[in-house]
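[1] kindly generate the corresponding structure for this input.
(chains A and B)
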Amino acid sequence: AQKITQTQPGMFVQEKEAVTLDCTYDTSDQSYGLFWYKQPSSGEMIFLIYQGSYDEQNATEGRYSLNFQKARKSANLVISASQLGDSAMYFCAMREGPGNYGQNFVFGPGTRLSVLP
Amino acid sequence: DTAVSQTPKYLVTQMGNDKSIKCEQNLGHDTMYWYKQDSKKFLKIMFSYNNKELIINETVPNRFSPKSPDKAHLNLHINSLELGDSAVYFCASSQGLGSYNEQFFGPGTRLTVL
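    Numbering: from 1, shown residues only, chains lettered A, B, ... in the order given. Reported below is the predicted structural model:
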């Protein structure tokens, strides 16, 4: 079964507008971490933001924020004021607690974001 | 200073050959990983080492053998390369295995098997 689902294979957004990239996850663990990574066309994987399952507040990092809805098991990434340089693949990932070595760091299929001028 | 480095960046080789990809991290992390990203951009973990010990060995053909000479290095050796091995291979590291430990990725090695 898919642990991480990203239902939007591709998204378009106008420059300077906000965009939400969806991510839902599946776990029975109480302790887990959720991560978003950006992969531009150059290929490197860039860590963006982290949300812990016990964190009560939504994580924010500059223009990135994570809309964490634990009961719905969703961890959507919100990018405010999109820039052309935000065009990239975005991956949602989950890491369950250290006791689950076999489930270490699962990635979703990714969403390709294109920012239009 | 590069945190996680991989060499080579590109690797083109013939079927049946043996090749190695090297990975080094200067972050002082305890845990290192190898991932394979296929042509559809799907990322899948292959191996994980913690303090030089193998922690995760996903269903990867035994032609793939990781070697960790010390905590800062995790190399990947591939025997008898096949066409299906063509992919981008990423090395990554994290401070530990906790659910809060983000991973830092190397730049990737694009392997093309002809």
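
[2] show me the contacts for residue 67.
    Looking at chain A here, since you left the chain open. By CB atoms under 8 Å, 6 or more residues apart in numbering or on different chains, the residues touching residue A:67 are A:20, A:58, A:74-78. For glycine as for every other residue, the C-beta is placed from the backbone atoms N, C-alpha and C.

[3] let's do chain B instead
    B:74-77.

[4] can you pick the most crowded of those residues?
    residue B:74 (28 neighbours; other CB atoms under 10 Å in any protein chain shown).

[5] skipping adjacent residues, who's closest to that residue in space?
    Spatial nearest neighbour of residue B:74, chain neighbours left out: residue B:32 (4.0 Å); criterion: CB to CB, 6 or more residues apart in numbering or on different chains.

[6] show me what contacts that neighbour?
    B:23, B:25, B:48-49, B:68, B:71, B:73-74, B:91-93.

[7] you'd agree it is in a strand?
    Yes. Judged by DSSP: H, G, I helix; E, B strand; the rest coil, residue B:32 forms part of a strand.

[8] is the helix or strand of chain A with the lowest mean pLDDT positioned near chain B?
    One helix or strand of chain A scores below all others by mean pLDDT, DSSP states H and E: strand A:106-107, with a mean of 90. Yes. Applying CB under 8 Å from any CB of the partner chain, one finds strand A:106-107 touching chain B at A:106-107.

[9] for that strand, packing partners?
    strand A:88-96, strand B:43-50 (3 or more CB pairs under 8 Å, 6 or more residues apart in numbering or on different chains; DSSP states H and E).

[10] would you mind finding the most buried of those strands?
    When you average the neighbours per residue for each of the helices and strands packed on strand A:106-107 (mean count of other CB atoms under 10 Å in any protein chain shown), strand A:88-96 leads with a mean of 24.

[11] mind jotting down where the helices sit in chain B?
    Counting by DSSP state H, chain B has no helices at all.

[12] check contacts around the residue most central in space within it.
    In chain B, the centroid-proximal residue (CA atoms, centre = their mean) is residue B:34; its distance is 2.9 Å. Counting by CB under 8 Å, 6+ apart, residue B:34 touches B:23, B:45-47, B:66, B:74, B:76, B:89-92.
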